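Student: Sequence first, predicted model second:
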Amino acid sequence: MRLPALEDLPDVSGRSVLVRADLNVPLVPSERGSLVVADDFRIRAALPTLQWLAERGARVTVCSHLGRPGGRPDGRHAMEPVRRHLRNLCGTAGFEVELLENLRFDPGEEGNDPSFVDRLMQGQELYVNDAFGAAHRAHGSIVGPPQRVPSAAGRLLSREVEVISSLFDRPAAPLVAVVGGAKVSDKLALLESLLARVDTLVVGGGMCFPFLAAQGQAIGDSPVEADQIHRCRELLRSGRDVVLPVDVVALAEEGTLGPDGRSAIATYGRDIPRGWRGLDIGERSGERFAELIEQAATVFWNGPMGAFEDPRFARGTRFVAEAVASSSAFTVVGGGDTVAAVEGFGLGDRIDHLSTGGGAALELIERGDLPGLAALRQQPGRLTAGLRRS
Ligand code: AMP
């Protein structure tokens, strides 16, 4: 897919450039009580574009969303901790940028309100979209600016689109996709197209329970919705290769005793009893998944295998992370939580491509395009006339 690149912009020197980045990073309270950035992967990933522009004399303003404040100002989602972190990183590299307040403090961002975009673009002469993680959203700051000023894709966005597209255009076979995480309904819609493109689909994390239920297995109190089970049944009927966990680590509701009469955590093979909630894949599943990953030539992984933030339920995710890291396949890992898990295990530099986008990567695979990419390609003629073609 040909996207206008930074080099296609008119001379940036002395011009005001608005960069839409995805700086939606996790924050944690520091010892002094203020919020600090817990994982700066997405901030670091935005730097090459910012540096490219700053070095050429552009006046760079960065904007991003942070969390889900729901269209009004909310101190817990203020950009200040991100701003401090970004300033430090840019300062070390020898340049400066401005960072606007959280875009989602204004309902016009998610509502794609033209007057919001007009205000955002006031005084801006050029626009760069480098927010791969948000490019699947038709929000104001993503689709509005290319209608107004000459616009280009940043380095990160271009690279992400190139890698994710190549993964599914002509991948080395076998291609194994591993999907987990908790946003089951969001991802189920995308699994169908993923299934058609992969040799094997491995399902773990919260995603596996509607599949296990569709197969007739008891899943205890693991959360699923009836329509999810129905959709999973259809996917399983497709005849494609879907691999599900053969054992699950579950946590008992308070007061429920385990098989040994004591423990509140137990591994179940078939049928999780009532009062128990599946929170990780078991060891046998981890070994089976690792074997499939070892045999793959291309691996795409999105979504942790369990509630890995709690060390009691991190084993399955670690199993898969280690298998992906040691695999000789071309490996792509996407999604904020999955990347955080891999980095937390110290395995980040052994993955070929760590993607900043989870949902965006899945949607790009499904549709072959994203609203943010289409907006960059469909700039009005009077704007593209200003873009130098290389
Ligand atoms: P997602 O954004 O869909 O990739 O989901 C990531 C989240 O899923 C992480 O915070 C995990 O803790 C959570 N998760 C994964 N598996 C489970 C599970 N079996 N039960 C509850 N949460 C899970």
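Tutor: Right, received. Where do you want to start?
Student: so where is the stretch 251-390 of the chain shaky, pLDDT-wise?
Tutor: Low-confidence segments of the stretch 251-390 of the chain, defined by pLDDT under 70: 258-259, 261, 386-390.
Student: ok, 50 please
Tutor: 389-390 (pLDDT under 50).
Student: Looks to me like Val60 is in a strand.
Tutor: Yes - according to DSSP: H, G, I helix; E, B strand; the rest coil, Val60 belongs to a strand.
Student: which residues touch the residue nearest to it when sequence neighbours are not counted?
Tutor: Of all residues not flanking Val60 in the chain, Val97 sits nearest, at 4.3 Å (CB to CB, 6 or more residues apart in numbering). All C-beta spots, glycine's among them, are computed from the backbone N, C-alpha and C. For Val97, the contacting residues are Val19, Leu50, Ala54, Val60, Thr61, Val62, Leu86, Cys90, by CB atoms under 8 Å, 6 or more residues apart in numbering.
Student: cutoff 10 Å now
Tutor: When contacts are counted by CB atoms under 10 Å, 6 or more residues apart in numbering, Val97 touches 17, 19, 21, 46-47, 50-51, 53-54, 58-62, 83, 86-87, 89-90.
Student: Likewise for Ile219?
Tutor: Counting by CB under 10 Å, 6+ apart, Ile219 touches 208-213, 229, 248, 250, 268, 271-274, 276-278.
Student: Give me the distance between it and the ligand.
Tutor: Separation of Ile219 from the ligand (CB to the nearest ligand atom, to the nearest Å): 10 Å.
Student: How about that residue: which residues does it bridge to?
Tutor: Beta-bridge pairing for Ile219 (DSSP bridges): Ile272.
Student: How confident was the prediction at the residue of the chain found nearest the ligand?
Tutor: When scored by CB to the nearest ligand atom, the chain has Gly181 as its residue closest to the ligand, at 2.5 Å. Gly181 carries a pLDDT value of 93.
Student: got it, and the one 3 residues further on?
Tutor: pLDDT for Val184: 84.
Student: try the one 5 residues further on
Tutor: Predicted confidence (pLDDT) for Ala189: 78.
Student: contacting residues for the closest residue to the residue of the chain closest to the ligand other than its chain neighbours?
Tutor: Nearest in space to Gly181, with sequence neighbours left out and distances taken as CB to CB, 6+ apart, is Gly303 at 2.8 Å. Residues in contact with Gly303 (CB under 10 Å, 6+ apart) are 178-184, 187, 203-207, 317, 334-335, 337-338, 341, 358, 362.
Student: Give me the buried positions along stretch 196-215.
Tutor: Using 16 or more other CB atoms under 10 Å as the test for burial, stretch 196-215 gives 197-214.
Student: ditto for stretch 151-166
Tutor: 151-161, 163-164.
Student: Now, those residues that are in strands?
Tutor: In this view, the buried residues of stretch 151-166 that belong to strands under DSSP state E are Ser151, Ala152, Ala153.
Student: Now tabulate those in TSV and tack on pLDDT and distance to Glu366.
Tutor: Below are these laid out as TSV (pLDDT from 0 to 100; distance: CB to CB, whole Å):
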residue	pLDDT	distance to Glu366
Ser151	97	24
Ala152	98	25
Ala153	98	20
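Student: Kindly indicate which of those residues lies nearest Ala135.
Tutor: Checking those against Ala135 with CB to CB, the nearest one is Ala153 at 9.0 Å.
Student: ok so, going back, are any of the contacts of Val97 buried, and if so which?
Tutor: With burial judged by 16+ other CB under 10 Å, the buried subset of the contacts of Val97 is 17, 19, 21, 46-47, 50-51, 53-54, 58-62, 83, 86, 89-90.
Student: related to what we said a few turns ago, of the buried residues of stretch 196-215, which belong to strands?
Tutor: Thr200, Leu201, Val202, Val203.
Student: Now render those as a markdown table, adding distance to Phe313.
Tutor: What follows is these, written out as a markdown table (distance: CB to CB, whole Å):
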| residue | distance to Phe313 |
| --- | --- |
| Thr200 | 24 |
| Leu201 | 22 |
| Val202 | 18 |
| Val203 | 17 |
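Student: Let me have those in a markdown table, extended by pLDDT.
Tutor: Below are those laid out as a markdown table (pLDDT from 0 to 100):
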| residue | pLDDT |
| --- | --- |
| Thr200 | 96 |
| Leu201 | 96 |
| Val202 | 97 |
| Val203 | 97 |
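Student: Out of the residues you listed, the closest to Phe345 would be?
Tutor: Nearest to Phe345 among these, with distances taken as CB to CB, is Val202, at 18.4 Å.
Student: gap between the residue nearest to Gly335 when sequence neighbours are not counted and Gly133?
Tutor: Excluding the flanking residues, the one nearest Gly335 by CB to CB, 6+ apart is Gly358, at 2.7 Å. Distance, Gly358 to Gly133, by CB to CB, to the nearest Å: 8 Å.
Student: Now for these two: what residues contact both?
Tutor: Contacts common to Gly358 and Gly133, judged by CB under 10 Å, 6+ apart, are Gly334, Gly335, Gly336.
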